[in-house]
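Participant: need a 3D model of the sequence below.
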Amino acid sequence: MNNTIETGKTAAITSYILGIGVFIAMSMNSDDKNTFASFHIRQGLGLTLTFISLGLIISNFDSLMISAPMWIFVSVLWSYGIFTAIKGETKPVPLLGNLFQKWFVNIS
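Facilitator: Model (predicted):
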């Protein structure tokens, strides 16, 4: 198990670079299909899609009162995800992490 975590840690951490990081991590994980990296790739993809979706919706409102909570929400989830990857844990991000694992089950 520790060997799986150590070999997948770089891809897992890379997956949290919003936007392009998920695709880089998927490429890094394409050959050996590391389960630790796959878990965090699904989390990173979910966070990226959540960020884009909320950003598209909230961009219609020109208000800091609406956009600031979105930035805080995504930042907290992102921080939680990247720190669990650094620590070598497979804990889903709060609120949405289990959904990401279910929705993106085919992504590894």
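Participant: now the helices for the chain?
Facilitator: Ranges of helices within the chain are 2-14, 20-28, 35-58, 64-87, 97-103, based on DSSP state H.
Participant: just those: most buried one?
Facilitator: For the helices of the chain, the largest average neighbour count (mean count of other C-beta atoms under 10 Å) is found in helix 35-58, namely a mean of 20. C-beta here means a position set from N, CA and C on the backbone, and glycine is covered the same way.
Participant: who does it touch, helix- and strand-wise?
Facilitator: Judged by 3 or more C-beta pairs under 8 Å, 6 or more residues apart in numbering; DSSP states H and E, the packing partners of helix 35-58 are helix 2-14, helix 20-28, helix 64-87, helix 97-103.
Participant: can you check which of those gets nearest to N34?
Facilitator: Comparison of those against N34 by C-beta to C-beta identifies helix 2-14 as nearest, at 3.4 Å.
Participant: relative to S75, how far out is the residue nearest to G19 when sequence neighbours are not counted?
Facilitator: Closest residue to G19 apart from its sequence neighbours, by C-beta to C-beta, 6 or more residues apart in numbering: T48 at 6.1 Å. T48 sits 13 Å away from S75, going by C-beta to C-beta, to the nearest Å.
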